[in-house]
Each structure stands twice: as structure tokens, then as C-alpha cells.
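Peer 1: Here is a sequence with its predicted model. Questions after.
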Amino acid sequence: MQVNNHPLAQWLQPLRRIIKNFIGKLPLPIAEFLLFGLKMAWSCLFAASLLLLLLLTHYLWQPNFVIARYDFLLVAAIIIQSIMLWTKLESFEELKVIMAYHVVGTIMEIFKTHVGSWEYPEYSLIKIGGVPLFTGFMYGTVGSFMARAIRVFEMYFENYPKQIHTIIIAILIYINFFSHHYIWDFRYIIFALIALTYWRTIIHFRPMDRVYKMPLLLSAILSSFFMWVAENIGTFTKTWIYPSQKQAGWHLVSMQKMGAWFLLLFISFTIVMVILRPNQRHLAKQKPD
């Protein structure tokens, strides 16, 4: 997509010129690193917006407001998504990823809150099975980030496994999130399957001019850490809380939760690869926004 045809061109073009002029004066390694950070932040636009709203509403929301905090977050998420679509910051194909993960996440949320894994302590009008509907968008932010990052960084995945294998692993991950409450938790077998399936997969990405490489498994581990950080923001703002936090007050979520996010990332990644097929886009030499 050419910048000139973009609805935000009159603002994006001057900003890009400023960034380009500034970065052009820096040594290449610093310039590449800085642009990498900027593109990562740009890819996180939807996720960062929702996290900011969690923080703001935590401090500003009052019980006598005409709309419940959770319902406001749902309306805000829909508005943000609508704006991103209208401005072409997100495509309808990428919206499919978000909606697919929204459904997957909401179903799991209903089950997990039912068995007491965590809870949403505040009132909401728009909910299913006690789960506020905005929570699906929290999962959707993961899909949004992946889809945007693939496009923004012009990613290509070398030695990507057969799709049927990745789908089977994603299904096993999803089943285990439910079944481990009743039978043996086989997540460690899934970790081994992921390692065996993806160990040769390399991400090619372009921050500026040079193409870099990173093992997909390393990328997933790093992403899991940042998801753990985001989850701590969620519990700090009491958007959702764990039983131990309800009893003893807020504390950092266990680092073991990184393992759960690692697994969830591969569900999201599989959805992205099935819907968007980025390797085929790369071969077609489609340019990012």
C-alpha cells in the first residue's frame, strides 16, 4: 500500500520524513535498533491502546458513572478497531485474525472463570457466563500485534513446518488448557512437540535496509515475557485477579505464567499463518503500510 493513498498520509508523510532525517544522521547499528523499536511500538498500537485504557480507567473510574468500566472498555476496543480499519492501519484480513482469537479467548475465559482460575471482580452489563466481552479483545491484541508486525517488518518464515502439524499442536494446546483441570497436564509434552516442530524455523525481518534473522522459538520466549508484563498490568489494575491476589493483595504473577503465554502465542501464531499466509505475501513482494 502506498503512503500517498493512505487516509493518514498528510500526517504520516511529514512524520516519516522527520524520522528518516533524524535516523539518517545516526550510525547504522543505532539507526537500525531505533527503527526496530519504533516499528515494534507501531505494531503494538492496539495492545498499547488497551493497556493504557486499563491504567486510566483503574484510576479514573467511579462507581456512579453511567456505564460500567468493563462495558466502557468493550466500547472503546470496538471504536479503536473501527478507527484502525477506517484509517487502513489494519486490514479486514487482520481483523479476521483478531475476531478468531476473540472467540477462542472468550470460550477459554468462560471456562477458566467457571473453575476459579481467575475472576473479574467488577460489574458488567455486557457479558457471557460472567465474563465481560471486552476480554476477548485482550486476546485479540496478541493476534493484532503478530499480524501488524509481520506486515510492518516484511517478515518471511524460513523452514516453516507443514501447516497440518502446526494446527494439530494448536489444537492440543487448546485442549490442554481445559483438560488439565481433570486429567494429567501434558503441557510439557506439548513444549517438546513445539521445540521439535519449530526448531529450524527462522524469522527474516527488515527494520530498515538490512534483513535480520531470529529463531522463531527465541522470538516466542521474548514475546511471552512481554505478555507476562502485560498480564501484571492487568492484575495491578484489578481488571482481573487471581485467587492468591484476592486473599493476600496484589503481587506479581508467577513467572510460570510465561509458559501459558508461550503456548497461547502458538495458537495465535497458527491462526495468523492460516488466515494471512505471510510467506505467500512475501513472495508476491507486497509492501507494508
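Peer 2: Perfect, I can see it now.
Peer 1: Buried ones in the longest helix along the chain, by neighbour count?
Peer 2: Of all the elements of type helix in the chain, the one with the most residues (DSSP state H) is helix 92-114. Neighbour counts over helix 92-114 (16 or more other CB atoms under 10 Å) mark 94-102, 104-109, 112-113 as buried. In this view, the C-beta of every residue, glycine as well, is placed from N, C-alpha and C.
Peer 1: Let me see the mean pLDDT of it.
Peer 2: Mean per-residue pLDDT for helix 92-114: 91.
Peer 1: ditto for stretch 126-138
Peer 2: What stretch 126-138 shows for mean pLDDT is 92.
Peer 1: Would you mind measuring the gap between the ends of that stretch?
Peer 2: Length of stretch 126-138, first residue to last, CA to CA, to the nearest Å: 15 Å.
Peer 1: tell me the contacts of the spatially closest residue to Ala77 that is not a sequence neighbour?
Peer 2: Sequence neighbours aside, Phe137 is the residue nearest to Ala77 in space, at 4.0 Å (criterion: CB to CB, 6 or more residues apart in numbering). Going by CB atoms under 8 Å, 6 or more residues apart in numbering, Phe137 touches 50, 73-74, 77, 81, 98, 102.
Peer 1: Low-confidence regions, the stretch 1-150 of the chain specifically.
Peer 2: Scanning the stretch 1-150 of the chain for pLDDT under 70 picks out 1-13.
Peer 1: list the contacts for Met108?
Peer 2: 174, 177-178.
Peer 1: how about the residues you listed in TSV, adding neighbour count, distance to Arg210 and pLDDT?
Peer 2: Below are the contacts of Met108 laid out as TSV (neighbours: other CB atoms under 10 Å; distance: CB to CB, whole Å; pLDDT from 0 to 100):
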residue	neighbour count	distance to Arg210	pLDDT
Tyr174	17	37	97
Phe177	20	39	95
Phe178	14	44	96
